[in-house]
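Colleague: One predicted model, sequence on top.
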Amino acid sequence: YRLLITIILTSFLTDSFAQKEGYEIEFSVKNCQPGNVVLAYYYGDKQYIKDSTKVDASGNFTFKGNEALDEGIYITVMPPDNKYFEVLIDGDQHFKMTTTYSKVVRDMQVKGSEENKRFYTYLNFLEEQKTKSKPLSEKSLALQKADSLGYRDSKEFKAIQEETAKIDQDVKDYKNKFIVDYPDALLTKVFLASKDPDIPEAPILENGRKDSTFAWRYFKDHYWDLVDFSDDRIIRTPV
């Protein structure tokens, strides 16, 4: 009896493990037209095709393989006009993503991948900030056209600057919190690699003046500080 239970459990665990080998990523994109769809990955400043399949009449398609994908950021390119969206590939390579063709980011739903859930939460947050900043940019441009010389001294322009700076800071705060909350996540490595070093106050020289070359030298000396060269996932990202 014990031997039978052991055999059953061993068989069950073996089958469960086997189901998780390789990769199987399901997509359902409403209003995506039938045709060929491509899964590609970033490598430096280029993209290379890894897999391809067919989209059915309902906008469903699946990329599947026996060997795990190299981890990084991949792009799914859809027919008919090569519209694409990004997918984070980490250790969990069995999941499903559901969205609509016209609003891929806003309507994205992810099942089975916490990394991609967090990624699309961030992308939606970023879209919200862009929506806030767009009218500010338009106002700034209008002021510049109306008064090309003195617009920077106007109260309205300074108010626009303050609002824009607030939006920029909100994005930085979001990223910094994410870095603290998920230190090993691929998106964290991307955020860090994209971040310029924070330059401290320039020291005072013997002549009583600030060192005018300090910022440049510090930036150069610390440019790579936040890039994790031991993590090869960063190669397969657009950073």
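Modeller: Great, that's in hand. It should be emphasised that the depicted structure is a prediction, and the values quoted were computed from it without experimental measurement.
Colleague: drop to CA atoms for contacts and neighbour counts, all remaining ones
Modeller: OK.
Colleague: which residues in this protein form helices?
Modeller: 2-19, 114-146, 155-181, 186-194, 214-221 (DSSP state H).
Colleague: what's the third one packed up against?
Modeller: If I follow you right, that is helix 155-181. helix 114-146, helix 186-194 (3 or more CA pairs under 8 Å, 6 or more residues apart in numbering; DSSP states H and E).
Colleague: re earlier: winner for burial among the helices of the chain?
Modeller: helix 186-194 (a mean of 19; mean count of other CA atoms under 10 Å).
Colleague: contacting residues around that one?
Modeller: Helix 186-194 has contacts (CA atoms under 8 Å, 6 or more residues apart in numbering) with 72, 88, 90, 119, 175, 178-179, 182, 224, 226-228, 233-234, 237, 239.
Colleague: and the angle from that helix to helix 155-181?
Modeller: 130 degrees (axes from the mean of the first three to the mean of the last three CA atoms, to 10 degrees).
Colleague: Extract the CA atoms of helix 186-194 and return them as PDB.
Modeller: Output in PDB follows, covering the C-alpha atoms of helix 186-194 (Å, rounded to 0.1, in the frame of the first residue of the first chain):
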ATOM      1  CA  LEU A 186      14.000  42.000 -14.100                       C
ATOM      2  CA  LEU A 187      12.100  45.300 -14.200                       C
ATOM      3  CA  THR A 188      14.200  46.500 -11.200                       C
ATOM      4  CA  LYS A 189      17.400  45.800 -13.100                       C
ATOM      5  CA  VAL A 190      16.000  47.700 -16.100                       C
ATOM      6  CA  PHE A 191      15.100  50.700 -13.800                       C
ATOM      7  CA  LEU A 192      18.500  50.700 -12.200                       C
ATOM      8  CA  ALA A 193      20.400  50.400 -15.500                       C
ATOM      9  CA  SER A 194      18.300  53.300 -16.900                       C
END
